[in-house]
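Visitor: My questions are about this predicted structure, shown below with the sequence.
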Amino acid sequence: MIDDKKVSVVIPAAGAGRRMGGPRAKQFLELQGRPILLLTLERFDSSPEIDEIVIAAAADEVDVVRALVRVHGLRKVRSVVPGGKERQDSVWNALEAAACDIVLVHDAVRPFVSHHLMSAVAAEAARSGAAVAAVAPKETIKISDGSGIVLSTPDRAHLWVAQTPQGFAYSLLVEAHRQAQKEGYYGTDDASLVERLGAKVSLVQGSYDNIKITTPEDVELAERILARVTGESSHLVF
């Protein structure tokens, strides 16, 4: 709990991972012999401030995920529900199964989220209603006209790269999803749905280790990060 408010985590894990280019969905690829999804779930399951986890899996993988949860003794997984056609649909299906005051939405393939970060996002969501983990871009960003011509170079001081977890008052996120469904709108993340309501979304300093594993190059980087964080005695980094 955060400030006596129950905290749930929604994990959309129904994606096919087409950018990875392999036969297996990316959330089931292994790092050091352990599925990425399992590593992600263990981070939240071991946090004292997380009360429950709801997973949305592809319909034909629900039993596989339930078995993964059972075999590895993940105590906080409340339910595994079938996902939808798009990520947004999967989040909605999981939201319907959650029972909480504050909800975090986290990518299944971001296994390096720290307890500190998930707590910071949850606390800010409890305070302000909506919060997003994010980091400043390391490189210069260019805006194009769509045909390969640069239109402008925005000031990096005002740019942030959004990550997950993203945290919200449960009622606010449900309202945002219902409005998006009514209008047939699909956003790139949950925060964009909340923004469309006119609600303010706070930024919480994320971590450059908190990568999303979507390509083969990401797997190589993830292996290096995992080797480093599991070899460190300090719990502050991971």
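Guide: Sure, I can see it.

Visitor: where's the residue located most distally from the centre of the chain relative to K142, distance?
Guide: For the chain, the residue at maximal distance from the C-alpha centroid (Cα atoms, centre = their mean) is I149, at 32.8 Å. I149 is 10 Å from K142, where distance means Cβ to Cβ, to the nearest Å. (Glycine included, C-beta is placed from N, CA and C.)

Visitor: related to what we said a few turns ago, could you list which residues are in contact with the residue farthest from the centre of the chain?
Guide: Residues counted as contacts of I149 (Cβ atoms under 8 Å, 6 or more residues apart in numbering): none.

Visitor: Would you mind measuring from it to P82?
Guide: Applying Cβ to Cβ to I149 and P82 gives a distance of 44 Å.

Visitor: likewise A136?
Guide: Using Cβ to Cβ, A136 is found at 37 Å from P82.

Visitor: can you check A125 too?
Guide: According to Cβ to Cβ, A125 and P82 sit 26 Å apart.

Visitor: With A176 instead?
Guide: For A176, the distance to P82 - Cβ to Cβ - is 22 Å.

Visitor: List the buried residues for stretch 91-98?
Guide: Neighbour counts using 16 or more other Cβ atoms under 10 Å place 91-95, 97-98 of stretch 91-98 among the buried residues.

Visitor: Over to stretch 168-181?
Guide: For stretch 168-181, burial by neighbour count (16+ other Cβ under 10 Å) applies to 168-170, 172-177, 180.
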